[in-house]
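Enquirer: Using only what follows, build the 3D model:
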Amino acid sequence: MINPNAILRPNGFVIGIGQRKVPSWTPEEDSDNISFWGDFYDNSCVVESGGKVTALIDKIGVSANMTQNLTNRQAVYDSSNKALIVSADRYTCNNSAQAGFFVISNANRAEGFAAGCPLLGYEVYSASSVFLKQDNADYTISVDGGSINTGDASIDGSAINPGGLSGTNIAISGFTPFPNETTKHIVYFQINAAVAWDNLFGFRFAGDNNAYANCYCHEFILFKTLPDSEIRLLCEGYLANKWQ
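Expert: Next up, the predicted model:
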């Protein structure tokens, strides 16, 4: 569960007695390092046709749209919950990123991949991927890509774990996203080198088997290179204040 008090105090917010916390930072302020910003609080960030989302628009306005031409792989936009409802859907990414945030809820195990819910991935098996995962009774964030990449992760402003960009299946205490928890979570990942991702919400799992996400995505922000600790805290604060 997002703990805005824990996240917002370090940086970037003006806190007044009896007043709402007011953000002093938005992603536009680090636009040079943002690869893609999908903000589903803003319905102008989606392109719809026949009730399906055919494209996602970068709110920064720099990157090309993320697209999906196959109707059966197109998500649905929920204007009430301000969310992209992803169910066996994915979008062509073609964006290089070394770190990123996802605000998600209602996550469940993916089609084609019973253990997890992919957020980013490659078309090539054993290449890099970032996904929510269940290992027995423990929930993790995986940045494992056939030993190509290692990294760190955090949930809802928790400490970066394990540190030093050294993790693969990264256990996060108190994180239980499956099945279909309605609480919004802020998922952060960073990896040891930037990757030119092929897919948003999907990756190739084994052979010809593709894995597709199953979740609500409210917002995501991808960084070209690692944000410094101040920017990471500011971004966490921005997201927590917006989605709490």
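
Enquirer: all contacts plus neighbour counts: C-alpha atoms, from now on.
Expert: Fine.

Enquirer: May I ask which helix or strand of this structure has the lowest mean pLDDT?
Expert: Ranking every helix and strand in the chain by mean pLDDT, DSSP states H and E puts strand 13-14 at the bottom, with a mean of 38.

Enquirer: Could I get the contacting residues of the residue nearest to Ser63 when sequence neighbours are not counted?
Expert: Closest residue to Ser63 apart from its sequence neighbours, by C-alpha to C-alpha, 6 or more residues apart in numbering: Phe36 at 6.3 Å. Contacts of Phe36 were listed using C-alpha atoms under 8 Å, 6 or more residues apart in numbering, and they are 58-60, 62-63, 95, 221-223.

Enquirer: just Ala99 next, same as before
Expert: Contact analysis of Ala99 by C-alpha under 8 Å, 6+ apart lists 188-191, 194, 222-227.

Enquirer: What's opposite Cys117 in the beta bridge?
Expert: Cys117 has these beta-bridge partners by DSSP bridges: Leu132.

Enquirer: That one is in contact with Ser129, isn't it?
Expert: No: using C-alpha atoms under 8 Å, Cys117 makes no contact with Ser129, being 10.6 Å away.

Enquirer: In the chain, mark out all the helices, start to finish.
Expert: 4-8, 229-243 (DSSP state H).

Enquirer: would you turn those helices into a markdown table with mean pLDDT and distance to Gly174?
Expert: Shown next, in a markdown table, are the helices of the chain (pLDDT from 0 to 100; distance: least, C-alpha to C-alpha, whole Å):
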| stretch | mean pLDDT | distance to Gly174 |
| --- | --- | --- |
| helix 4-8 | 44 | 15 |
| helix 229-243 | 94 | 17 |
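
Enquirer: For Asp42, find the nearest of these.
Expert: Closest to Asp42 of the helices of the chain is helix 229-243 (C-alpha to C-alpha; 12.0 Å).

Enquirer: Where does pLDDT dip in the chain?
Expert: For the chain, applying pLDDT under 70 flags the ranges 1-23, 111-115, 124-127, 135-138, 144-148, 205-209.

Enquirer: residue nearest the centroid of the protein?
Expert: In the chain, the centroid-proximal residue (C-alpha atoms, centre = their mean) is Phe102; its distance is 2.5 Å.

Enquirer: That residue - nearest residue in space that isn't next to it in sequence?
Expert: That would be Phe220: by C-alpha to C-alpha, 6+ apart, it lies 4.3 Å from Phe102.

Enquirer: Count the residues that sit near that neighbour.
Expert: For Phe220, the neighbour count with other C-alpha atoms under 10 Å is 20.

Enquirer: Give the closest residue to Asp39 in space, chain neighbours not counted.
Expert: Nearest non-adjacent residue to Asp39, counting by C-alpha to C-alpha, 6+ apart: Glu219, 4.6 Å away.

Enquirer: Please work out how many residues are found near the one you found.
Expert: There are 21 residues near Glu219, going by other C-alpha under 10 Å.

Enquirer: cool, and Gly174?
Expert: The local packing of Gly174 (other C-alpha under 10 Å) involves 10 other residues.

Enquirer: cool, and Ser31?
Expert: Counted by other C-alpha under 10 Å, the residues lying close to Ser31 total 16.

Enquirer: State the distance from it to Gly51.
Expert: Plainly put, Ser31 is 31 Å away from Gly51 if you go by C-alpha to C-alpha, to the nearest Å.

Enquirer: related to what we said a few turns ago, okay, and the beta partners of the residue nearest to the centre of the chain?
Expert: Beta-bridge partners recorded for Phe102 (DSSP bridges): Val187, Phe220.

Enquirer: doesn't Gly167 make contact with Val143?
Expert: Yes: at 7.4 Å, Val143 counts as touching Gly167 under the criterion of C-alpha under 8 Å.
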